[in-house]
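Participant: Provided below for reference: sequence and predicted model.
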Amino acid sequence: MRSAARVLAASTILPTLNAQVPGERPERAGTVSILNPRARVPVGLIIDDSTALVNLNRFSMPQFDATFAGANDAYLKPWREWPIEIPDSFVRKFGEWSTEHGVKGKYSMVPFPACVGRLDRMLPGWTQRELDESLELVRTHIVPNWDIHPEMLTHTRVIDLRTGQPFADHSTKFMENWEWTTGRSVDEIAAYMAYALRILKNAGFACEGITTPGGFGNKALPQLSQATLESVRDVFAAEIPHYFRHLYDKGDQSVAPRVEYVSGLHGADPRCVVSIIGCTGDWTGGWDCSKPEGVDRFITADLKEGRMVEVIDRGEPAIMVAHWTGIYWNGEELGFKIFQEVVSRLNARYDHLIWMKLSEVARYWAAKELTRIEQHGSTISLSAPFACPDFTLSFQSPGSSLPGVIAAGKAVALKEVASLGQMQSGNWFRQGETMTLCFALPRGATSIDINR
């Protein structure tokens, strides 16, 4: 749920977002530029508060209200009138539509939603068959185009890992959305994350990243980043862990991913963690089914303005943010309808977008920032700690030259295209003396002859 803490992270405490440590960086030849994948602009959708069956906002609202003892009007909405379940029929509908339109992103699976039950054991109120079928539906209709993240354990009360039950204290100090992470070590936070990840592993999911609920980690940013790196590698052996904590829904602040805590670039075990940054507010209906701000905040009807236009036009990944509860909107599907129109307008305005999962964005940015690049005469040498599809770079070359690429000891077949918009892996394009190449970058050594 988008608590006040996440709003603040987007708008009023920006200097603290630099608390993470970049780590190592390689030498880079200034003669070579790494572009976006296929010279396109990545777009995606982050979906928070999703899980199997449980309509998370209905069960969370009274728990948040208890924390603030009725003093916060945000938690006094008529939650008893809201449906208990977001049905699998809607999951199927959304998944099929997303596949048809090529939409990708991140889909949370809260492991122990609002303390109702564990996805790897049981959900009281539903049969085991219903739970199993719901999990299978996500695996088949969501997973192919969406990363699965835990959104911590419950998205409400903190679980005592020794007992598997919520702590008796339900103040902000023991709520995931607020202060529990403040003052805690990397190991403590990593253990909590690993517990959540193992529930999803038991339930048949693989995870390369983590989403923070509300203000989780807001005052422990270095620890949060390192704990993500440690826990995701530990449970899933993920090569490039990533996390979603921050969003900037206005202004000129960069929303490009941050590659953090890089180490081991010259060894056999390179490491990093990538912070994925959202670029919009939740304008599809909110976690609490508030009135949606609507399509125009993303992109206006004349296709000229809106936050997505701002970010896409400056060439940075434009990752939207929404909540599953708002997309469903108590069965009225208001958020879904808004998002469908956003996609329609984006398609009408642009022909150079590429929908990507967060793990795909994280991998590309890790390769973009951490691949060593040297140029000696007409030879460009790359040394990549991580493999990366659709790796795209440009450089200056004589007008009559042809490119040659040797990747991992094998020649790469290259085909010239007539425009940058046609760029696919294995293509090259020339405009004047600027040559652009796109190919699958392997881990290790790649050699480019720019004057073959």
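Facilitator: Arrived safely. Residues are numbered from 1 along each chain as shown.

Participant: rest of the way, CA atoms for contacts and neighbours
Facilitator: Will do.

Participant: Now stretch 384-398: average pLDDT?
Facilitator: Stretch 384-398 shows a mean pLDDT of 95 in the predicted model.

Participant: I misspoke; the intended subject was stretch 119-133.
Facilitator: 98.

Participant: what residues does it touch?
Facilitator: Under the criterion C-alpha atoms under 8 Å, 6 or more residues apart in numbering, residues Ala52, Leu53, Pro111, Phe112, Val116, Gly117, Ile199, Leu200, Asn202, Ala203 lie in contact with stretch 119-133.

Participant: Within the sheet, what are the partner strands of the helix or strand encompassing Phe395, with directions?
Facilitator: Assigned by DSSP states H and E, Phe395 falls within strand 388-396. Within its sheet, strand 388-396 is paired with strand 32-34 (antiparallel), strand 434-441 (antiparallel), according to DSSP bridges.

Participant: Deepest in the core, which of the ones you listed is it.
Facilitator: For those, the largest average neighbour count (mean count of other C-alpha atoms under 10 Å) is found in strand 434-441, namely a mean of 22.

Participant: can you list contacts of it?
Facilitator: 37-38, 384, 387-397, 407, 412, 423-430.

Participant: What of stretch 25-38?
Facilitator: With C-alpha under 8 Å, 6+ apart, stretch 25-38 has contacts from 42, 262, 265, 364, 368-375, 390-396, 423-425, 438.

Participant: Also stretch 260-272?
Facilitator: 20-26, 225-226, 229, 239-241, 259, 273-275, 366, 370, 385.

Participant: From Tyr75, how far out is the closest residue to Ser447 other than its chain neighbours?
Facilitator: If the residues on either side of it in the chain are set aside, Ser447 comes closest to Ser381, at 4.7 Å by C-alpha to C-alpha, 6 or more residues apart in numbering. According to C-alpha to C-alpha, to the nearest Å, Ser381 stands 57 Å off from Tyr75.

Participant: Same question for Arg363.
Facilitator: From Arg363 to Tyr75 the distance is 38 Å (C-alpha to C-alpha).

Participant: follow-up on the earlier one: JSON lines for the strands paired with strand 388-396, including mean pLDDT and distance to His155?
Facilitator: Converted to JSON lines, these look like this (pLDDT from 0 to 100; distance: least, C-alpha to C-alpha, whole Å):
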{"stretch": "strand 32-34", "mean pLDDT": "96", "distance to His155": "38"}
{"stretch": "strand 434-441", "mean pLDDT": "97", "distance to His155": "38"}
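
Participant: Can you tell me how far the residue in the chain sticking out farthest from the centre is from Arg372?
Facilitator: In terms of distance from the mean C-alpha position of the chain, Ser400 ranks first, at 41.7 Å (C-alpha atoms, centre = their mean). Noted for Ser400: a distance of 27 Å to Arg372, by C-alpha to C-alpha.

Participant: I figured Ala411 was touching Thr446, is that so?
Facilitator: No: using C-alpha atoms under 8 Å as the test, Ala411 is too far from Thr446 to be in contact (9.7 Å).

Participant: The two: which is more packed in?
Facilitator: Thr446 (20 against 13; other C-alpha atoms under 10 Å).

Participant: coming back round to it: tell me the residues that contact both of Ala411 and Thr446, please.
Facilitator: With C-alpha under 8 Å, 6+ apart, Ala411 and Thr446 have common neighbours Val405.

Participant: Look up the closest residue to Thr280, ignoring the ones flanking it.
Facilitator: Asp249 (4.2 Å).

Participant: And the residue most central in space within the chain, how close does it get to Gly183?
Facilitator: With distances taken as C-alpha atoms, centre = their mean, Leu358 lies nearest the centre of the chain, 3.6 Å away. Relative to Gly183, Leu358 is positioned 28 Å away (C-alpha to C-alpha).

Participant: Could you list the low-pLDDT ranges of the stretch 151-300 of the chain?
Facilitator: Applying pLDDT under 70 to the stretch 151-300 of the chain picks out no residues at all.

Participant: So which residues of it form strands?
Facilitator: 159-160, 165-166, 209-211, 242-247, 258-263, 271-278 (DSSP state E, counting those that start in this stretch).

Participant: picking up where we left off before, ok, the residue nearest to Ser447 - how many residues close by?
Facilitator: Ser381: 20 neighbours (other C-alpha under 10 Å).

Participant: and the strands of the stretch 151-300 of the chain as TSV, adding distance to Met308 and mean neighbour count?
Facilitator: Shown next, in TSV, are the strands of the stretch 151-300 of the chain (distance: least, C-alpha to C-alpha, whole Å; neighbours: other C-alpha atoms under 10 Å):
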stretch	distance to Met308	mean neighbour count
strand 159-160	37	18
strand 165-166	40	14
strand 209-211	22	29
strand 242-247	13	25
strand 258-263	20	20
strand 271-278	11	26
